[in-house]
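# sequence first, predicted model second:
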Amino acid sequence: MIYTVTLNPALDRTISIKNINPDDCNRVEAEQLYAGGKGIDVSKVLTKFGVKNKALGFVGGFAGEELEGLLINEGIACDFVRIAGRTRTNIIVNDIGANTQTLFNAKGPSITAYELMQIIHKIENLADPRYVVISGSLPLGVNPEIYRKIIEIVKGNGAKVILDTDGEALLAGVQELPNIIKPNIHELSRLAGRPLDCIDAVVEAALGLHQRGIEIVLVSMGSRGIVMISASGRYLVQPPEVEVKNKIGAGDSAVAGFVYGLCAGKDLVLSLTCAVAAGTATILQAGTALCNLEDFRDLQEQLTPQKL
């Protein structure tokens, strides 16, 4: 079983406006509501690709109920911890005329020590875990140490851990040596404490993490593709040029694509190709919609891995 852990999920409310005029009334052309959060995005894509998985995390209040209902309607299995606080709502504004997308991300609820221990106990008792994907930011009241603790528990139960986060949470998490990490180039730069302005610099920083004991380091670089460092070697897969309609969820889709490849029995290089195809397929979708299977399959045929 694949599990995803999203400690700070959100309802993503997407609003589309033809042209935003400051200090004036702006008419909304379209509005959509999505269950959001990095791990939840991974669950969505895995479900689209036919990979059985379960989403874990915290939910609370009306927004939390709506988020879980949306996921259930998408066929995604959930096992959330109920909290006293309210699940956050993020606002995404699409200016159709200017072709811009502006995000307003809320902080989220405060988590009590009791609620935190409920998710710990849930993770300690996961049924037949194979891969556990830990993604996203931390809610208020939660120390970054939680990611180190979750990684310790999951690895102790014999499962593989994939970590995709930033800042102090990433710094704490890598101390416990997750099996796979997927920072983007900016997150890796912050972790390394220096700018990474070329492929060689990215490879050097990722190689250092691999040599510390992280089995696979994936570094997403937007239109420049994804670098992978592992015992199998150093590889880069670059996507074709496509019309960018949306960047939200592309990194999460890449994580899902990589997990899909592993679950399908593909080797690491082909799994990397799946990651790039899934991330690129999401870029083709408007709003905060994620990739579809048809685009994913078409893109796979266009990708050629390069050995670095």
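Cool, the structure landed.
# going by C-alpha atoms from here, please, whenever you check contacts or count neighbours.
Noted.
# so where's this structure shaky on pLDDT?
By pLDDT under 70, the low-scoring segments of the chain are 286-289.
# now for the residue nearest the centre of the chain: which residues touch it?
When the chain is reduced to its mean C-alpha position, the closest residue under CA atoms, centre = their mean turns out to be Asp252, at 3.0 Å. Taking CA atoms under 8 Å, 6 or more residues apart in numbering as the definition of contact, the neighbours of Asp252 are 38-39, 41-42, 279.
# I'd like these as a markdown table, with distance to Ser135 and secondary structure appended.
Formatted as a markdown table, the contacts of Asp252 follow (distance: CA to CA, whole Å; DSSP: H, G, I helix; E, B strand; the rest coil):
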| residue | distance to Ser135 | secondary structure |
| --- | --- | --- |
| Lys38 | 5 | helix |
| Gly39 | 5 | helix |
| Asp41 | 10 | helix |
| Val42 | 9 | helix |
| Gly279 | 16 | helix |
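# top of those residues by neighbour count?
Using other CA atoms under 10 Å as the neighbour definition, those reach their maximum at Val42, which records 32 neighbours.
# which ones are touching that one?
Listed by CA under 8 Å, 6+ apart, the contact partners of Val42 are 4, 252-253, 255-256.
# among these, which lie within helices?
Using DSSP state H to define helices, the subset of the contacts of Val42 located there is 252-253, 255-256.
# top of these by number of neighbours, please.
The member of those that has the most neighbours, counting by other CA under 10 Å, is Val255 with 35 neighbours.
# go ahead and confirm that one touches Ala275.
Yes. Between Val255 and Ala275 there is a contact under CA atoms under 8 Å: 6.1 Å.
# return the set of buried residues in stretch 159-167.
With burial defined by 16 or more other CA atoms under 10 Å, the residues of stretch 159-167 counted as buried are 159-166.
# need those residues in TSV (columns: distance to Gly69).
Rendered in TSV, the data for the buried residues of stretch 159-167 read as follows (distance: CA to CA, whole Å):
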residue	distance to Gly69
Ala159	28
Lys160	29
Val161	27
Ile162	26
Leu163	26
Asp164	25
Thr165	26
Asp166	28
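# can I get those in a markdown table with distance to Gly57 and secondary structure?
Output for those, formatted as a markdown table (distance: CA to CA, whole Å; three-state DSSP):
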| residue | distance to Gly57 | secondary structure |
| --- | --- | --- |
| Ala159 | 18 | coil |
| Lys160 | 18 | strand |
| Val161 | 16 | strand |
| Ile162 | 16 | strand |
| Leu163 | 15 | strand |
| Asp164 | 15 | strand |
| Thr165 | 15 | coil |
| Asp166 | 18 | coil |
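# what's the neighbour count on the residue lying closest to Pro109 once chain neighbours are set aside?
For Pro109, the nearest residue in space outside its immediate sequence neighbours is Gly85; the separation is 5.3 Å by CA to CA, 6 or more residues apart in numbering. Neighbour count for Gly85, taken as other CA under 10 Å: 16.
# before we move on, what about Lys149?
Residues contacting Lys149 under the criterion other CA under 10 Å number 14.
# one more: the one 5 residues further on?
Residues lying near Val154 (other CA under 10 Å) number 21.
# ok, Gln118 - contacts?
Val81.
# now with 10 Å, please.
Shown here is Gln118, whose contacts under the criterion CA atoms under 10 Å, 6 or more residues apart in numbering are 57-58, 80-83, 124.
# Val59 and Asn8, how far apart?
Relative to Asn8, Val59 is positioned 8 Å away (criterion: CA to CA, to the nearest Å).
# now Tyr114
With distances defined as CA to CA, the gap from Tyr114 to Asn8 amounts to 16 Å.
# so if I had to pick from these two, which one is more boxed in?
Per other CA under 10 Å, whichever of Tyr114 and Asn8 has more neighbours is Asn8, with 27 against 10.
# show me the strands in the stretch 151-300 of the chain, by range?
Taking DSSP state E, counting those that start in this stretch as the criterion, the stretch 151-300 of the chain contains strands spanning 160-164, 180-181, 216-220, 226-230, 233-237.
# dump the ones you listed to CSV, plus distance to Pro195.
Compiled in CSV, the strands of the stretch 151-300 of the chain are given as follows (distance: least, CA to CA, whole Å):
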stretch, distance to Pro195
strand 160-164, 20
strand 180-181, 19
strand 216-220, 14
strand 226-230, 16
strand 233-237, 19
